[in-house]
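> Below are the sequence and a predicted model; questions follow.
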Amino acid sequence: FPVTIRFQSPHIEIGRINTLLIDRYSTPGVYLLAEDGRDVLLPNQYFEKSMTIGSLLDVFVYTDSEDRIVCTTLRPYAMLDEYGFFEVVDITNIGAFVNWGLPKDLFVPKALQKQPFKLGEKKLLRIIKDGLSERVVGTQKIGKYLDAKPRNLYKNSTVNILTYEESPMGFKVIVNNLYKGLIFKNEVFEALHVSSIVTGK
């Protein structure tokens, strides 16, 4: 069987999975280290007895409610530069919050909404980094991120597909988090609906 070799991440990347070295224990949790020496806190609620000093751990890095960089062993529904459908759970004067699978909900600023959000709605969003800070936020304005001319794809290559809209011709889709595309109705061989995540060719 092939052996997967894991390497310590060279630096901490917010919004992505990082493989970090368990460096030291502290009162609020465990500090994990990137290769460049920068560290990040894994709060006590995610600590497990199997986590030992000197071992590697895969964690998701983000900012908490006070904009401090922290990490978690949980996985969000989507990460930086990825897309997903998220339920709106709170509305404020400056934006909305959606559930993305972590204790801290994902913020979607008003400026990044196409129209005002409503509680309970599910919205197609891309996860991006706020240009003014290191915070990860959601945007509904995804058009500029999708390329209509795919590269590095060839006939029968396997791709990841997210369906985001049904049309008379079939389903509009996002391919490999990079391209916009279409699945014609006569090319659908399983039950699909808006927000389906499937593998295609």
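Perfect, I can see it now.

> hey, let's count contacts and neighbours off CA atoms from now on
Fine.

> Residue 96: neighbour count?
The number of residues packed near residue 96 is 22, by other CA atoms under 10 Å.

> So it sits against residue 117, correct?
Yes: using CA atoms under 8 Å, residue 96 and residue 117 qualify as a contacting pair, with a distance of 6.9 Å.

> Need the residues touching each of those two.
Here residue 96 and residue 117 share the contacting residues residue 88, scored by CA atoms under 8 Å, 6 or more residues apart in numbering.

> Return the residues in contact with the residue most central in space within the chain.
By CA atoms, centre = their mean, the chain has its centre lying nearest to residue 79, at 1.4 Å. Counting by CA under 8 Å, 6+ apart, residue 79 makes contact with 15-16, 127.

> Which secondary structure state does residue 186 sit in?
With DSSP: H, G, I helix; E, B strand; the rest coil as the basis, residue 186 sits in helix.

> what does the one 3 residues further on give?
For residue 189, the assignment made with three-state DSSP gives coil.

> quick one: it from residue 183, how far?
11 Å (CA to CA, to the nearest Å).

> before we move on, what about residue 79?
25 Å.

> what does residue 84 give?
On the measure of CA to CA, residue 84 and residue 183 end up 18 Å apart.

> between those two, which one's more packed in?
residue 84 (23 against 17).

> what is the more buried one paired to in the beta sheet?
Here residue 84 sits in beta bridges with residue 125, as judged by DSSP bridges.
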